[in-house]
Structures are given as structure tokens and as C-alpha cells.
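> no sequence for this one, just the structure:
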């Protein structure tokens, strides 16, 4: 699977494949300053300071100290998408609703551009649309307003905005920041705002990201919503766990349609809670793992009624714990020693074998199998070399096929299929081109259909069905809570689908 980036120009979305080559970025401050072709114009237009934003993003309370204006540091190599650029996009989507956007760009596409280093964002707002024009002006006003301490252009500095272009004009942090300059490049930027970030902004090292009020990782309570066998969704979700410290979630079910959710509690390990087939949740959660460093969790249930839970411990690898049919838990056993694992998924097949998937940044997705007798394969096998994958989900169907879904930032959700005979497809297919998708989960149903649920920051949870013919439907919006950041999906033998979401309360 090669990373695919969406480029949006004049309302037309094109998709281009980029090289997997990842040169190492030069460090230090010796980078030569380069001017982008056509970026600067001699003429400048003086403008008054913008008024305070009316509907700006929620802003933390900062101290008086503030970042210096970003110096110009133009693109000079090809790099993956940067986390600060994704963070800026998600921040805007939460405040203004989900908009199309573009971050990455193919290395051989056009001239110099910070898009090629993953530190530029095109945020799609059209000046011809009054509502979108108002949003664009509000964003710019919020970024360039003076704060309560008298710091000019405060939010632009705290986010590391190097320059931005909108409606034939360019604002430069590094050159007369009180002035908007005329922009005469080939694209007038009337259908999007272009943001280029400093390296500090792109790597989340500016004060916006390092502030104690912002730097907390998402955490919050768990909600669950049911899709009934006839296809209708519950009108609202129910709160399953009110803890404000949940950072990741997973689900597993057993043949009698009981299901169990597993939540990572910040600094406290993993806690789980059961739900009966009748829909009754346990009154309280039980702690099954006390390791305070657990970062991610995955789970599955087998036909024999056992539960299998996998946890990621940074620097240590992946650990496995089993709940027997009588309800007793085993101690944890390490099944993968790769210390760089960041995400994990697991599914049980009808023959009671397990398929475990791990994400290694810069390396892609690796899989390891466990036989029905409980024997793990001696080593993991790489099945996807895309170095940018951040989230992964897996499920099996009654016909013994295996289905893998991977999130590539600024690209969407990619799908890969393994036959009942154990043969993986030679390539992956893009099934959802929403570039803002944060995470994904998946589950199969007894009728042979499967469901893929995606989290879109600022929009909520979307569900997409794969029919028994192999065709995917369009996505259905099942939860509009803008603060959801993680999800699970369980397909029960009674034909219901259970979808959970963690809601950020940090």
C-alpha cells in the first residue's frame, strides 16, 4: 500500500501515489533559506489589525510568554505528514465542522512546497460561499488577534504559522507581520486557506501544543450505540463508563452474544466491563492489568468462550492475557518484543485461530498467528509496507476470510483481504478517501456482511458496510459527537452491531 494524497484544486479532487522513500530531515539551523517560486510579491498592502474572532476555536489560558515569529524555512526534501499539521486541521474541524483538506504532496509534483514535508495545510473554504467566507475570515481573525497581554498575532505564533495565503494575499510571520502582501501566484487561493508551519509548529513544539491545558492526550467517558439486526440504529448512545481517564477502548464478544469492553485508564492499566445479550451492563468495571504504561488495547473472543486481550506497552512490546470460560484471568505473556509498536488489532477466525496485527511507524503492518492449540508463530510477517499507517482494525467472516483496515493520514482508510486459504491480496484498496479519519474499527456479522466504523474529528463516527458481494456502501453518520477520538465495533451472533466511542473530556 503506497500512501495516496488528495490534492484539491478548483473543486476537483485528484489522487496521486507517492514514493515510500523517506530521506532523513537535516537538523540544526544551517538550512539555507529559499524562496518559493511565485510566493512573494514586491507589492504589499497595509491592513488594520483584525478584530477579535467571534466563533473562534476554544483557546486555553496561556501565560504572557509567547513564541517568537516563525522564521522562513522552505521545503528542501520529502517527508511524511507531520503531527502538528494534522493537529491544526483537527483543531479547525472541531471548531468549524468538517471541511475537505490536503496536507501531503507527491515529491515529483510541482515546485518547492512545504506540503512535500507534511507541514502545509490547504483548508477548503470558498470565498464565493458566504458561510465559508465568514469561517475563513474568523479563522484568520482568531490567528492574528492581539491577546490580553498585548502580544500581536498571538495564536499564529503559538501554532507556529510561518505564512498563510488567502484570497490573493499572503501573510508572513517572518516579514512585516503587521502587513498582508499581494499574492500573484498561479492559484489565487480563493477556494482554500493555505497554512505553512515552522518545524516547531509541525512537530508540536510550540506553546499551543506544550501548554498543560492542551498537551493532555485525549481521554474521557465511553458511550455505546446499538444497530439492530433489522438495520435501525438507536436514536442515542448510552453512557457505559463515566470515567474521565479512559484513553483507549476495545471490545470482544462470545458465541452467546455477551460482550466485554476493555478500557485503558491513564496511569491505572486496563479495566473491563461486561454486557449481557439482553443489553444489561455490569454495574462496575474490574481491573485486569495494573501496568500504568499501557498505551493501547485490542481484544477478541473465540468460539470456545475464551477472551483474549492484547496490550501495547511502549518500549516493551505486545502482551497477551486470557480469560477462561469460568471467568478467571491468566497472567500476561509477551507475544511480540518490538519496542516501537504503537497500535494493535486482533481477530479470532471461525477455526479458533487468532490473527494479531501490529503497527510499526516507518515499517507498516506486521502479523503473527496463534493456532487453535495456543501456539504462536515464531516470528511476525510484514503484510503492508506503508510507513505512514497510524491505526489498524481487523475482522474475520464466517467463510474464514480475513479483512484488514488501515488509516493513512491525509489519505483515508485502506482495505486488504486474505482468502480462506491464507493468501493476502497483492495490494490494498482505498475504501474511504476522507483525509481527516483518525481511527478505525471493524466487525463481521453472521450474515457475512462486515462493518467498518471511522472516527472523524469534529464530525463523529461513520459506518460503512461491506456486502456479501464484496462491494462497500457509502458511509452513514451514526454519531455526531465532535469530541469522539476512539471507537470499537462488535458484531454479535444475535445480529446486532455494537459501536462504542470515547468522548474527549480533557
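Cool, got the structure. Keep in mind that this is a model prediction, so the values were computed, not measured. Numbering: from 1, shown residues only.
> confidence score at the most centrally placed residue in the chain?
The chain has residue 438 as the residue nearest its centroid, 1.9 Å off, counting by C-alpha atoms, centre = their mean. Note for residue 438: predicted pLDDT of 91.
> for residue 480, same thing?
94.
> Name the nearest residue to it, ignoring sequence neighbours.
Nearest non-adjacent residue to residue 480, counting by C-beta to C-beta, 6 or more residues apart in numbering: residue 460, 4.5 Å away. (C-beta placed from N, C-alpha, C; glycine too.)
> Surely that neighbour is in contact with residue 477?
Yes. Judged on C-beta atoms under 8 Å, residue 460 makes contact with residue 477 at a distance of 6.7 Å.
> So the two - more neighbours on which side?
Neighbours per residue (other C-beta atoms under 10 Å) separate residue 460 from residue 477, with residue 460 holding more: 20 against 12.
> Quick check: phi and psi on the more buried one?
phi 110, psi -140 (degrees, to the nearest 10).
> Who is it paired with across the strands?
residue 456 (DSSP bridges).
> mind listing what it touches?
In this structure, residue 460 makes contact with 477-482, 484, 501, judged by C-beta atoms under 8 Å, 6 or more residues apart in numbering.
> what about 10 Å?
98, 454, 477-484, 487, 501, 503 (C-beta atoms under 10 Å, 6 or more residues apart in numbering).
> And residue 173, by the same measure?
Residue 173 touches 67-72, 153, 156-157, 160-164, 196, 198, 201, counting by C-beta under 10 Å, 6+ apart.
> Now the residue nearest to the centre of the chain: closest residue in space, sequence neighbours ignored.
residue 455 (4.7 Å).
> That neighbour is in contact with residue 440, isn't it?
Yes. In this structure residue 455 lies within contact range of residue 440 using C-beta atoms under 10 Å: 7.5 Å.
> re earlier: isn't the residue nearest to the centre of the chain up against residue 410?
No. At 11.7 Å, residue 438 and residue 410 do not qualify as touching, with contact defined as C-beta under 10 Å.
> Can you check which residues contact both of the two?
residue 86.
> Can you pull out the low-pLDDT segments for the chain?
Counting by pLDDT under 70, the chain has low-confidence residues at 1-55, 212-216.
> Tell me how it divides into domains.
Following automatic domain parsing, the chain resolves into domains at 4-210, 236-439.
> give the contact list for the residue nearest to residue 65 when sequence neighbours are not counted.
Leaving out its chain neighbours, the residue that sits closest to residue 65 by C-beta to C-beta, 6+ apart is residue 207, at 7.5 Å. By C-beta under 10 Å, 6+ apart, the contact list for residue 207 reads 60, 62-63, 65-67, 154, 157-160, 200, 214-215.
> and residue 207, how far is that from residue 66?
Shown here: residue 207 relative to residue 66, a distance of 7 Å by C-beta to C-beta, to the nearest Å.
> What of residue 370?
Taking C-beta to C-beta, one finds residue 370 at 53 Å from residue 66.
> which residue ranges form the helices in the chain?
83-96, 130-144, 154-159, 199-202, 207-210 (DSSP state H).
> out of those helices, nearest to residue 392?
Residue 392 lies closest, by C-beta to C-beta, to one member of the helices of the chain: helix 83-96, at 17.2 Å.
> Next, the angle helix 130-144 makes with that closest one.
Going by axes from the mean of the first three to the mean of the last three C-alpha atoms, to 10 degrees, helix 83-96 is angled at 130 degrees with respect to helix 130-144.
> Report all helices and strands that helix 83-96 contacts.
strand 101-102, strand 120-123, helix 130-144, helix 154-159, strand 193-197, helix 199-202, helix 207-210 (3 or more C-beta pairs under 10 Å, 6 or more residues apart in numbering; DSSP states H and E).
> Make TSV out of those and add distance to residue 308.
Converted to TSV, the helices and strands packed on helix 83-96 look like this (distance: least, C-beta to C-beta, whole Å):
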stretch	distance to residue 308
strand 101-102	38
strand 120-123	40
helix 130-144	46
helix 154-159	42
strand 193-197	42
helix 199-202	39
helix 207-210	36
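> From one end of stretch 159-176 to the other, what's the distance?
18 Å (C-alpha to C-alpha, to the nearest Å).
> Out of the helices and strands packed on helix 83-96, which is closest to residue 87?
Distance to residue 87, taken as C-beta to C-beta, is lowest for helix 207-210 among the helices and strands packed on helix 83-96, at 6.8 Å.
> between the domains of the chain, which one is nearest to residue 220?
Among these, domain 236-439 sits nearest to residue 220 (C-beta to C-beta), with 5.6 Å.
> wait, doesn't residue 282 sit right on residue 272?
Yes. Residue 282 lies in contact with residue 272 (C-beta under 10 Å); the separation is 8.8 Å.
> Could you tell me which residues touch both of the two?
Joint contacts of residue 282 and residue 272 (C-beta under 10 Å, 6+ apart) are 260-261.
> which of these two has more neighbours?
Each of residue 282 and residue 272 has its neighbours counted (other C-beta under 10 Å); residue 272 has more, 23 against 14.
> Which parts of the stretch 201-350 of the chain are strands?
Remark: strands assigned in the stretch 201-350 of the chain by DSSP state E, counting those that start in this stretch are 222-227, 238-241, 246-253, 259-265, 269-275, 286-289, 296-301, 307-313, 317-323, 333-336, 343-348.
> contacting residues around residue 172?
39-40, 44, 69-70, 72, 161-165, 179-181, 196.
> Repeat the analysis, applying 7 Å as the threshold.
163, 181 (C-beta atoms under 7 Å, 6 or more residues apart in numbering).
> So in terms of bridging, what pairs with it?
Here residue 172, judged by DSSP bridges, has bridge partners residue 163.
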